[in-house]
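[1] sequence isn't available, so here's the structure alone:
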DNA sequence: CGAATACTGAGCCATGCGGCTAAGTTACCG
DNA sequence: CGGTAACTTAGCCGCATGGCTCAGTATTCG
């Protein structure tokens, strides 16, 4: 069985904030510095940095420092984790509709054999 | 522009907990009572109830009370919200690779015209 | 060298989360 | 009618989150 728990917790938690989702959206278009990423937000830099560190800790981005500038790069791996979870849910869902169909079929058979 | 913020916050936050993900998985297979849902978890009922209320408040489930039993039912609508966000990210991602390809092409053209 | 730029670290604050217990409330069973 | 079952309410606790300010540190520019 899949060991979902801990990994997915952070992956989803990271997405549960509009600032972080926006940052990921921006980074989808290419790497950027902290300053560039922070510019659109009406927020003090240290506050913004917490989001960056969060994204880094949960594996959504990597960063490297060049001179006094830190560049952030998207790591799209976590998208796959989400897709995997979603398709697992779909699988469960479909198994259910299969059973419902079976039930309906069985019921119809009973009706037919009356 | 899409007004992502508030709605998605809760949708993702709800998934950022293994108990709640497990409940959704179980409900994918069909509706169930609070007691049935809580059984697999080593947790006091009031604690578990908070998760149920959370899932309800974020729109993942609906509940109705019949006698002294409360039945919970999955509302799969939020899956669509997630899919929408994911495909938006893919769109951004692909626009980027397009630009990269264009850049490569342009560079090659330059090279070719040297 | 001195100043400006780009972060970074430390620490405060309010709120919310995820767990708990203890004490209701509301059906249903005998 | 009394008891048990199935939630439900209220309230406490510790920790994490998301914001802030104020004061560093480290590069780069003139």
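    Done, it's in. Quick caveat, the model's predicted, so the values are computed rather than measured.
[2] return the distance of stretch A:42-51 from the chain's centre.
    Chain-centre distance of stretch A:42-51: 21 Å, with CA atoms, centre = their mean, to the nearest Å.
[3] is it anywhere near DNA strand C?
    Yes. Contact between stretch A:42-51 and DNA strand C, assessed by CB under 7 Å from any atom of the strand, occurs at A:45, A:46, A:49. Heads up, the C-betas are built off the backbone N, CA and C, glycines and all.
[4] near DNA strand D, which residues of chain A show up?
    Checking chain A against DNA strand D by CB under 7 Å from any atom of the strand, the hits are A:13, A:16-17, A:19, A:42-44, A:46-47, A:50-51, A:54, A:66-68.
[5] so which of the residues of stretch A:42-51 next to DNA strand C belong to helices?
    A:45, A:46, A:49 (DSSP state H).
[6] residue numbers of chain A in contact with chain B?
    Within chain A, the positions lying close to chain B (CB under 8 Å from any CB of the partner chain) are A:4-6, A:8-10, A:12-13, A:15-18, A:21, A:24-25, A:28-30, A:76, A:79, A:82-83, A:85-86, A:88-89, A:92-93, A:95-96.
[7] so which of the residues of chain A next to DNA strand D are in strands?
    residue A:66 (DSSP state E).
[8] so which pair among the residues of chain A next to DNA strand D is furthest apart in space?
    With CB to CB as the measure, no two of these lie farther apart than A:16 and A:67, at 33.4 Å.
[9] and the two? Which one has more around it.
    Neighbours were counted for residue A:16 and for residue A:67 using other CB atoms under 10 Å in any protein chain shown; residue A:16 has more, 17 against 5.
[10] would you mind measuring from that one to DNA strand C?
    For residue A:16, the distance to DNA strand C equals 9 Å [CB to the nearest atom of the strand, to the nearest Å].
[11] contacts only, for that residue.
    Counting by CB atoms under 8 Å, 6 or more residues apart in numbering or on different chains, residue A:16 touches B:8, B:9, B:10, B:12, B:13, B:16.
[12] compute the first-to-last residue distance for stretch A:65-83.
    31 Å (CA to CA, to the nearest Å).
[13] what are the buried residues along it?
    Residues A:70, A:72, A:74, A:78, A:79, A:81, A:82 are the ones in stretch A:65-83 that count as buried (16 or more other CB atoms under 10 Å in any protein chain shown).
[14] cool, and stretch A:40-51?
    Here stretch A:40-51 shows A:48, A:51 as buried, counting by 16+ other CB under 10 Å.
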